[in-house]
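Trainee: The sequence and its predicted three-dimensional model are supplied below.
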Amino acid sequence: MTAPGVAVPPGNKFVAETVPHVQLSVHSCLEALGISLLSDWDVLCFLYRRQVSLLGTRQIARLIGYENAVVRSALDRLRREKLVKRSRAVQGVRLYRILASTDAGCRRCLKELVILSEGRAGRLLLTRQLKTVRLEPS
């Protein structure tokens with residue numbers, strides 16, 4: 001993904017944010033997946049890394065550091081985008097799994113964004129591209 005003429009020292013991780021076309025690629029991948037909120041990305045990434053999870057919303061929220069309501073909303077949006085499927089609740093627990101998209105481009109985007117988010121520079125780039133959720137005081 002490097003631009004022509006950009007040298008990457010051996011052994012160093014490439015800083016994605018220094019190349020404008022990488023930022024555009026990240027933006028277009030997020031749009032293709034229907035992801036605009038950082039909380040949605042964090043929940044999707046959590047589930048992607050596990051492929052199948054037997055957890056309740058509270059457990060997911062506790063593990064990734066979000067409020068229950070934020071995770072519940074994120075899961076609803078991910079279901080509407082057909083990125084995640086969930087089972088019926090049994091004793092407050094659901095089976096969540098990532099759906100295999102029939103669109104090869106979407107599958108590629110998801111995989112590349114997950115890999116990108118594993119490094120600090122990629123995580124910062126994603127954080128700048130996505131909006132954060134502000135909870136209303138109750």
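Mentor: The structure has been received and is ready for your questions.
Trainee: Relative to residue 67, how far out is the most centrally placed residue in the chain?
Mentor: Within the chain, one residue has its C-alpha closest to the average C-alpha position: by Cα atoms, centre = their mean, that is residue 41, at 2.8 Å. Applying Cβ to Cβ, to the nearest Å, the value for residue 41 to residue 67 is 16 Å. In short, each C-beta sits where N, CA and C put it, glycine included.
Trainee: that older thread, contacting residues around the residue nearest to the centre of the chain?
Mentor: 30, 35, 113, 117, 126, 130 (Cβ atoms under 8 Å, 6 or more residues apart in numbering).
Trainee: check contacts around the residue nearest to residue 92 when sequence neighbours are not counted.
Mentor: In space, and not counting its chain neighbours, residue 92 is closest to residue 56: 5.0 Å by Cβ to Cβ, 6 or more residues apart in numbering. For residue 56, the contacting residues are 89, 92-94, by Cβ under 8 Å, 6+ apart.
Trainee: Please repeat the previous calculation with a cut-off of 7 Å.
Mentor: Residues near residue 56 by Cβ atoms under 7 Å, 6 or more residues apart in numbering: 92-94.
Trainee: With residue 27 instead?
Mentor: When contacts are counted by Cβ under 7 Å, 6+ apart, residue 27 touches residue 129.
Trainee: Where does it sit, in terms of helix or strand?
Mentor: helix 20-33 (DSSP states H and E).
Trainee: on that earlier part again, could you dump the contacts of residue 41 into a markdown table with neighbour count and distance to residue 82 added?
Mentor: Below are the contacts of residue 41 laid out as a markdown table (neighbours: other Cβ atoms under 10 Å; distance: Cβ to Cβ, whole Å):
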| residue | neighbour count | distance to residue 82 |
| --- | --- | --- |
| 30 | 19 | 16 |
| 35 | 26 | 12 |
| 113 | 23 | 17 |
| 117 | 20 | 21 |
| 126 | 21 | 21 |
| 130 | 19 | 19 |
